[in-house]
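*Asks:* no FASTA, just this:
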């Protein structure tokens, strides 16, 4: 099938993405059997998220608390069912996860495009690190950008239904981007060690309408 969508145009990327999702779901005879999505206890994940990040004990996340969880902040338009309160509750997080589970997609193809100060950033290692409140079933995904700043992200080969298929589990992720030269990190810590970057990987995430996550970094 595909090894990388990184150099495809948006329209073709969407078509290939659809084929990949279909294949992972067992589209016809000769294709891999259905790969089950990683088991997540949606209710428990919601409770854990609040327990981890709720600093003022109001059983919700808002303001600086939400800023500390960039993946939830990124998903805010799909999370907050009561925008007027500007707070995220355990029930809202549970509902978001339940919507992924209803679709029964094991993995999705995800591309990534990285720029630094407006220019493509080659040789950057991009890692999607699952949020801890989701449990241990979701695997991290990674990729290294080419000269155009593009890469296809994927879990490690042993977690793929087919070694040639790149894929990322549906989930909420911290995103860490690192670029080293001669063993020295060249990017600000806010993009890796103390990352402010987050992503939601799901069919409903508008950021993935073309199958590509965009990260436009600044050197200062």
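*Replies:* Yep, it's here. Every value quoted in this text rests on a predicted model; they were computed, and no experiment measured them.

*Asks:* domain boundaries for the protein, per the record?
*Replies:* The chain breaks down into these structural domains: 13-26+105-217, 42-101 (assignment by automatic domain parsing).

*Asks:* how far does the first one sit from its chain's centre?
*Replies:* It refers to domain 13-26+105-217. Once both centres are worked out by C-alpha atoms, centre = their mean, to the nearest Å, domain 13-26+105-217 turns out to sit 6 Å from its chain's centre.

*Asks:* follow-up on the earlier one: could you dump the domains of the chain into TSV and include mean pLDDT and mean neighbour count?
*Replies:* Any C-beta I mention is one placed from the backbone N, CA and C, and that applies to glycine too. Shown next, in TSV, are those (pLDDT from 0 to 100; neighbours: other C-beta atoms under 10 Å):
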stretch	mean pLDDT	mean neighbour count
domain 13-26+105-217	87	18
domain 42-101	90	17
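
*Asks:* need the phi and psi values for residue 205.
*Replies:* Residue 205 adopts backbone torsions of phi -70, psi 120, taken as degrees, to the nearest 10.

*Asks:* could you tell me the end-to-end distance of stretch 191-203?
*Replies:* Start-to-end span of stretch 191-203 (C-alpha to C-alpha, to the nearest Å) is 25 Å.

*Asks:* all strands of the chain, in order?
*Replies:* 107-108, 110-116, 119-120, 125-130, 141-144, 150-153, 168-169, 171-178, 180-181, 184-185, 197-201, 212-217 (DSSP state E).
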